[in-house]
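> my questions are about this predicted structure, shown below with the sequence.
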Amino acid sequence: MATHLADTTVLNNGIKMPWLGLGVWKVKEGDEVQRAILSAIETGYRAIDTAAVYGNEAGVGDAIRDSGIARDQLFITTKVWNSDQGYETTLKAFDESMKKLRLDYLDLYLVHWPVQGKYLDTWKALEKLYRDGYVRAIGVSNFHVHHLEDLKQNSEIVPAVDQVEYHPLLTQKELLAYCKENGIQMEAWSPLMQGNLDQPVLVEIGQKYGKSPAQVILRWDLQNGVVTIPKSVTPERIRQNADVFDFTLTAEEMEQISRLNQNKRFGPDPDNFDF
């Protein structure tokens, strides 16, 4: 169980990945993303999650260089967008991302969505990037069990990570169990339900520990063995999101939170997403 911000999980290829990182979805390119990342790194975060479609890879790269932290102490993730999927186009998109980030290698590269008819070729490109040493680990995002099974039958490398929408209103029990059984690390995007935190159970449990509903959710993520990447641009909120290692939820509290599940998505369903 994660007990410190510096704690890591070991991916299926032996690479260490921080349990908690900063997501930068919808964070503006330039000063805003740079300030958020520098604040996070100062707090002790070592994982940053971006994507080509976020439009802020250059700012992420600038912040990495300005941080003064050695590159091998950071864990950087980006993703190939849907319109770039396919074998050759993915390789080209990766080059573009690396130019913007100005990095020599990437820690984790993800297929952003399972674009039907393309994601298998996209995955083959990721396998090449991994074998050629440009990426330390490869994974997917927004893949259901049936997408992962399809990959399993038609590829050589098992994804190291599946980054999906995951929170108390969308517990994805079947997917989490599948990932654990197959050595795939599940990672939560939008863990804080895009601000929809007004759940009495979360408030009540938080009051017991002197924590906010957001902190309770992030602790629940970690105790479920799920990597979590809450997004914020506010230094105080960035610090609060990292202050989740000094309490432990009981088994009963974990179950209370899980019972909030409504299979409710704030983002698209990967099976019904207009690519």
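Alright, I've got the coordinates.

> helices of the stretch 151-275 of the chain, start to end?
173-181, 200-209, 213-223, 235-242, 251-258 (DSSP state H, counting those that start in this stretch).

> looking at those helices, which is closest to residue 61?
helix 235-242 (19.2 Å; C-beta to C-beta). C-beta: built from backbone N, CA, C; applies to glycine.

> so for the closest one, mean pLDDT?
Mean per-residue pLDDT for helix 235-242: 96.

> hey, C-alpha coordinates of that helix in CSV?
Presented in CSV, the C-alpha positions along helix 235-242 are these (Å, rounded to 0.1, in the frame of the first residue of the first chain):
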residue,chain,number,x,y,z
PRO,A,235,-0.8,25.2,-5.7
GLU,A,236,-2.8,24.7,-2.5
ARG,A,237,-5.0,22.1,-4.2
ILE,A,238,-2.0,20.4,-5.7
ARG,A,239,-0.5,20.1,-2.2
GLN,A,240,-3.8,18.9,-0.7
ASN,A,241,-4.2,16.2,-3.4
ALA,A,242,-0.8,14.9,-2.3
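
> Serialize the helices of the stretch 151-275 of the chain to a markdown table and add fields for distance to residue 128.
What follows is those, written out as a markdown table (distance: least, C-beta to C-beta, whole Å):
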| stretch | distance to residue 128 |
| --- | --- |
| helix 173-181 | 24 |
| helix 200-209 | 44 |
| helix 213-223 | 32 |
| helix 235-242 | 35 |
| helix 251-258 | 39 |
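
> most tightly packed of those?
Greatest average neighbour count among the helices of the stretch 151-275 of the chain goes to helix 213-223 (a mean of 24), per mean count of other C-beta atoms under 10 Å.

> quick one, that helix and helix 235-242 angle?
Per axes from the mean of the first three to the mean of the last three C-alpha atoms, to 10 degrees, the angle that helix 213-223 makes with helix 235-242 is 40 degrees.

> okay, strands next: where are they in the protein?
8-10, 16-18, 22-23, 47-49, 75-80, 106-111, 135-141, 161-165, 185-189, 227-228 (DSSP state E).

> now mean neighbour count, distance to residue 256 and mean pLDDT too, for the ones you listed, in JSON lines please.
What follows is the strands of the chain, written out as JSON lines (neighbours: other C-beta atoms under 10 Å; distance: least, C-beta to C-beta, whole Å; pLDDT from 0 to 100):
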{"stretch": "strand 8-10", "mean neighbour count": "15", "distance to residue 256": "25", "mean pLDDT": "98"}
{"stretch": "strand 16-18", "mean neighbour count": "20", "distance to residue 256": "27", "mean pLDDT": "98"}
{"stretch": "strand 22-23", "mean neighbour count": "27", "distance to residue 256": "26", "mean pLDDT": "96"}
{"stretch": "strand 47-49", "mean neighbour count": "26", "distance to residue 256": "28", "mean pLDDT": "97"}
{"stretch": "strand 75-80", "mean neighbour count": "26", "distance to residue 256": "31", "mean pLDDT": "98"}
{"stretch": "strand 106-111", "mean neighbour count": "25", "distance to residue 256": "32", "mean pLDDT": "98"}
{"stretch": "strand 135-141", "mean neighbour count": "24", "distance to residue 256": "29", "mean pLDDT": "98"}
{"stretch": "strand 161-165", "mean neighbour count": "25", "distance to residue 256": "21", "mean pLDDT": "98"}
{"stretch": "strand 185-189", "mean neighbour count": "24", "distance to residue 256": "18", "mean pLDDT": "98"}
{"stretch": "strand 227-228", "mean neighbour count": "26", "distance to residue 256": "19", "mean pLDDT": "98"}
